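[1] Sharing a model that was predicted from the sequence below.
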Amino acid sequence: MTYVKVNIKLPHGEVDGNVGVPHEMIDTVSLVPGALELSDQVVALALKYAEEAGHEITCKKGCSICCRQLVPVSKPEAFFLLDLMRQRLPDDRRNMVLARMKAAADKISEAGIADRLKKVDLTIDDHQQVGNDYFKLGMPCPFLTDTGACGIHPARPTACREYNVVTPAELCDDPVGNHVNVALPALKMSLILAQVYAQETGTKAEVMPLVLAPAWAAENEDQRGPKVEAPELFGRFMGILGRAGAPPPSGHEAEK
Ligand code: SF4
């Protein structure tokens, strides 16, 4: 493993640190652990910025209302979640999560939003509306435990890390009807990963709902993308990260 120095200038400050890059040929799935680390640093800057502006982060351990929202994940994250479930979840836990994902897929289909969800990508402007319809289904994330904790917390997707509420927590009961504000990070890492995957595979940059992602990945093992030298791929990932348009440093958002 080689540690590569990373410095990204963002509206909230600088991400400055080292990210481990393996000495081997890798595909975009191998970028995910480093992307999670960077996502945490980007989010930490957003939280600091929000707190300095007088906002309080109202998310508390055990509150899991937002874990009923549509969580967009990139294709590298979909494969990462599949590998995580296969390698790290005990059989009984994995079977339970798979059963919940199947039930969620059926519910999405019955509600008539499956086709719309398949079209949720970077260019579709009804992302917010389909997210609202998804939340109304009231489906807890399959990874949520009985105690309201995330069952994969250290490896949770970037979208989950980026959702930190600054309005009163009770408003989260209805993020559609209420005005829920979050400490908006300067970068959405799932979109960066979607773009690097698209670039490496010559496809369109897309995200998909978390509840459908592992099943999609299992059915599309041949779409992990080409393996290239790790420093080369990491360099291209950093190039996209550096060029990513940063949204305004504060804003309103009620979707993950
Ligand atoms: S992965 Fe974890 S944090 Fe994200 S929605 Fe599921 S339970 Fe919540």
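    Cool, got the structure. Residues are numbered from 1 along each chain as shown.

[2] how far does stretch 6-16 stretch from start to finish?
    End-to-end distance for stretch 6-16: 6 Å, by CA to CA, to the nearest Å.

[3] Now do the buried residues in that stretch.
    Within stretch 6-16, the residues that count as buried by 16 or more other CB atoms under 10 Å are 6, 8, 10, 12-13, 15. From N, CA and C alone the C-beta is placed, and that goes for glycine too.

[4] Same question for stretch 231-245.
    For stretch 231-245, the neighbour count (16+ other CB under 10 Å) marks 233-234, 236-238, 240-241, 244 as buried.

[5] need the helices for this structure, in chain order.
    Assigned by DSSP state H, the helices in the chain fall at 32-52, 75-88, 91-110, 114-118, 127-136, 158-161, 189-201, 213-219, 230-243.

[6] Tabulate those (a markdown table), appending mean pLDDT and distance to residue 2.
    Listed next are those as a markdown table, based on pLDDT from 0 to 100; distance: least, CB to CB, whole Å:
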| stretch | mean pLDDT | distance to residue 2 |
| --- | --- | --- |
| helix 32-52 | 95 | 12 |
| helix 75-88 | 97 | 20 |
| helix 91-110 | 96 | 33 |
| helix 114-118 | 76 | 38 |
| helix 127-136 | 84 | 37 |
| helix 158-161 | 96 | 23 |
| helix 189-201 | 95 | 19 |
| helix 213-219 | 96 | 27 |
| helix 230-243 | 91 | 7 |
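
[7] which non-adjacent residue is nearest residue 149?
    Once flanking residues are discounted, residue 149 sits nearest to residue 62: 7.0 Å by CB to CB, 6 or more residues apart in numbering.

[8] what does the stretch 51-200 of the chain put close to the ligand?
    Residues of the stretch 51-200 of the chain found near the ligand (CB under 6 Å from any ligand atom) are 67, 71, 141, 143-144, 150, 152, 156-157, 160.

[9] and the gap between whichever residue of the stretch 151-256 of the chain sits closest to the ligand and residue 5?
    Residue of the stretch 151-256 of the chain nearest the ligand, by CB to the nearest ligand atom: residue 160 (3.3 Å). Using CB to CB, to the nearest Å, residue 160 is found at 27 Å from residue 5.

[10] These two: who's more crowded?
    residue 160 (21 against 8; other CB atoms under 10 Å).

[11] Just give me the neighbour total for residue 113.
    Neighbours of residue 113 using other CB under 10 Å come to 20.

[12] repeat for residue 83
    Residue 83: 16 surrounding residues under other CB under 10 Å.

[13] Equivalent analysis for the one 10 residues further on, please.
    By the other CB under 10 Å criterion, the neighbourhood of residue 93 contains 15 residues.

[14] what do you get for residue 64?
    Neighbour tally, residue 64, other CB under 10 Å: 17.

[15] Over to residue 227?
    For residue 227, using other CB under 10 Å, the count is 15.

[16] Assess the claim that it and residue 22 are in contact.
    No. Assessed by CB atoms under 8 Å, residue 227 is found out of contact with residue 22, at 11.2 Å.

[17] Could you report the separation of residue 213 from residue 235?
    27 Å.

[18] mind checking pLDDT for the spatially closest residue to residue 201 that is not a sequence neighbour?
    Distances taken as CB to CB, 6+ apart put residue 225 closest to residue 201, at 4.7 Å, once the chain neighbours are dropped. pLDDT, residue 225: 97.

[19] show me the contacts for residue 225.
    Contacts for residue 225 (CB atoms under 8 Å, 6 or more residues apart in numbering) come out as 27-29, 197, 200-201.

[20] mind redoing it with 6 Å?
    Applying CB atoms under 6 Å, 6 or more residues apart in numbering to residue 225 gives the contacts 27-28, 200-201.

[21] How about residue 224?
    Residue 224 makes contact with 27, 29, 79, according to CB under 6 Å, 6+ apart.
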